[in-house]
Structure formats: C-alpha cells, structure tokens
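*Asks:* sequence unavailable; structure follows:
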C-alpha cells in the first residue's frame, strides 16, 4: 500500500504558532502587493492545493486482482498486470505479495475484476518467478515477481484475451499512471502523477487512496487512451513494501535485475 514519511515540524507546531505564521504570510502578501491590487489578491497566498487521490473506475483488461483460491470480492489481496511475452502467459506483481505463499489454495488472477465479476476469465498461477536476492534476503530493490498463468478452463493464452503492458527497464522516473485494487473495494482505483527518484534504485509516487491490496499495481507510462495499456516501469512495492500510508507509494526501479528476471520467466513459461 502507499507509504508514509516523518511529519513536517509545521504539523507539530502549537496552534498559536501556526496562527502567527499564517498572519505573517498574509501581511507579507499584503505588503508586497501593488496598491491597486484587487482586495482578494491575498486569498491566492492562502489557497491550499487539494491532495491528489486515486479515483475508482471500471478498470482495464490487462490489470486485475490476485486471489487466494476462489475469486470472490472478499478475498483479493494484491494487484497484478499482464505483461507481453513470447508465449503470452506472463503477469507481473510485487514479490512481497507472495512472501507468505505457502498457500493451501492456488493463487488466481482475475484481469479486469470489478463488482464481483470476472469479465476476462479466471487464470491459475502455474509458476512464480522471483529474484534470488529477494528470495534470500527480501531485498526491496528486487521486490518484483512474474507469474506464469494458465486458463482455469480451455487453452487460451491470457494476452490474447486481455492484451498486455510492455516491460520497460532502464528508463528514468516520470509521469506514470498507477492502478491498484484496494482490498476493501471491488473496483480498482487509478491516479496519474509524476514518479520521482527515491534512493538509488527506488521510485516514489504521491497520490492518496492506495491502501492494502494495491501492492503489485503497475506504474505505467505512455498509456494508450484506447486500450489503457502502456509501458510497465514499476510496481507498488520495494521500500516499506510499497509504503506505510495510502498517500505515498514506492516501486523498485526496473533495471538489469528485472530485465534478467523477465528473461528467466520467459524461459520457464
């Protein structure tokens, strides 16, 4: 889910100090304004920007929810997305979503899940592929997993049904659209904002509403307005396993480690 940071000193200041600071800001604005400025010009100095928040939407075919066992609205626990591969059967998510996966029940993926329905079918996880650095020590820079999936019934390949994102590694952080399934909701949320570099191999994304269940949700750049698909450059995970509060989320940077992991998943699919 989204992550948190230490509160700014301003938030911890006594009420009287905050009022004094506010008065100084208003006086400074008034003194700096031309004599002929409109009476409400100081109001612009007091405008508080509305924080961005993820908005519920019907979803896109290539992004869905992960379930333990039967796909019901009450049991989805993480988010994943279809990623293009030669055999058209790969899904990407965060490795920490599967950290406790000595699951007695199979992990299923429901692309485009909404309102308790599976419009593009239910897909069973045949294989989980994670980096050795993650498996041995839970390295947050390797908090990425690929799932090889197969149709619960029939022989269709998931990419032929839903389309797919395309993996991009080695690129800088930038404007991305992030989608995730809060575990208390039966529809996804989505938000677009700039992802910024955080530490050497992590990205940071600020937008509220990304609670438990959104881990593994894709960071997408160059999103098509027609299909909703784009280049997947990250997943909610990494530092703080994605974040401690819903307003700030993290992702590992996709570098050579993720490119190599993808090739391993392709070979094992």
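*Replies:* Now that the structure is in, tell me what you want to look at. The shown structure was predicted, so the numbers you read here are calculated from the model rather than taken from an experiment.
*Asks:* from here on, just use CA atoms for contacts and neighbour counts.
*Replies:* Will do.
*Asks:* I'd like the distance between residue 234 and residue 60.
*Replies:* Distance check for residue 234 against residue 60: by C-alpha to C-alpha, to the nearest Å, it reads 17 Å.
*Asks:* more neighbours: which of these two?
*Replies:* Comparing residue 234 with residue 60 by neighbour count (other C-alpha atoms under 10 Å), the higher total belongs to residue 234, at 33 against 19.
*Asks:* beyond the host helix or strand of that one, next helix or strand please.
*Replies:* Using DSSP states H and E, residue 234 maps to strand 231-235. With elements assigned by DSSP H and E, the helix or strand that comes after strand 231-235 is strand 248-252.
*Asks:* could you point out which element follows that next one?
*Replies:* With secondary structure assigned by DSSP H and E, strand 248-252 is succeeded by helix 256-268.
*Asks:* what about residue 178, neighbour count?
*Replies:* 26.
*Asks:* whichever strand or helix holds it - contacts with which helices or strands?
*Replies:* Here residue 178 sits within strand 175-180, counting by DSSP H and E. Where contact means 3 or more C-alpha pairs under 8 Å, 6 or more residues apart in numbering; DSSP states H and E, strand 175-180 is packed against strand 189-194, strand 218-221.
*Asks:* so of those strands, which one's packed in deepest?
*Replies:* Among the helices and strands packed on strand 175-180, strand 218-221 has the highest mean neighbour count (mean count of other C-alpha atoms under 10 Å), at a mean of 26.
*Asks:* who does it pair with, and is each partner parallel or antiparallel?
*Replies:* Strand 218-221 sits in its sheet next to strand 175-180 (antiparallel), strand 231-235 (antiparallel), going by DSSP bridges.
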